[in-house]
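1. what's the 3D shape of this:
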Amino acid sequence: MDVSPTRRRRRNKIHLHYVFMKYDPEYERLRSNEKTKYELDVYLSKKHDKLLSNNLHPGTYNKTISLVIVDGFAIEITDAQANVLRSAKEVRVVVKNPEL
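-> Numbering: from 1, shown residues only. Below is the predicted model of the structure:
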């Protein structure tokens, strides 16, 4: 089946998505102690980067921020890449940022 160039461009368009992770006891432990704030930031950044490197090709996405308060992050990806992340066992939900 041949896909029209217009549909292909739409499918490959980059959008901002929010990715929220499933329950993680280590995250909860670090978050509960104010003294481990820096450690929590480092832990989440590495955890999120590992998820992305295991599921998406390098250079095809842009993680914009880690959201420490909810164990999530914002990322610029295609809808197809969002579907890949939705299927990752560590991910609770992927939400596309509504366009205004």
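
2. can you tell me which residue is spatially central in this structure?
-> The C-alpha lying nearest the average C-alpha coordinate of the chain belongs to residue 19 (Cα atoms, centre = their mean; 3.9 Å).

3. list the contacts of that residue.
-> Each residue near residue 19 by Cβ atoms under 8 Å, 6 or more residues apart in numbering is listed here: 48, 51, 72, 73, 74, 75, 85, 91, 93, 94. Quick note: C-beta positions are derived from backbone N, CA and C, even for glycine.

4. any weak-confidence spans in this structure?
-> Within the chain, the stretches with pLDDT under 70 are 1-11, 100.

5. would you map the strands across it?
-> 15-21, 62-67, 72-77, 91-96 (DSSP state E).

6. okay if I get these as TSV plus distance to residue 42?
-> Shown next, in TSV, are the strands of the chain (distance: least, Cβ to Cβ, whole Å):
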stretch	distance to residue 42
strand 15-21	16
strand 62-67	10
strand 72-77	14
strand 91-96	20
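
7. the protein: helices as residue ranges?
-> For the chain, helices defined by DSSP state H occupy the ranges 5-11, 25-31, 37-55, 79-86.

8. could the ones you listed be laid out in TSV, adding mean neighbour count and distance to residue 64?
-> Below are the helices of the chain laid out as TSV (neighbours: other Cβ atoms under 10 Å; distance: least, Cβ to Cβ, whole Å):
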stretch	mean neighbour count	distance to residue 64
helix 5-11	10	21
helix 25-31	14	20
helix 37-55	15	11
helix 79-86	15	14
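
9. got a list of what the spatially closest residue to residue 21 that is not a sequence neighbour touches?
-> Residue nearest to residue 21 in three dimensions, not counting chain neighbours: residue 71, with 4.5 Å by Cβ to Cβ, 6 or more residues apart in numbering. Neighbouring residues of residue 71 by Cβ under 8 Å, 6+ apart: 20, 21, 24, 27, 44.
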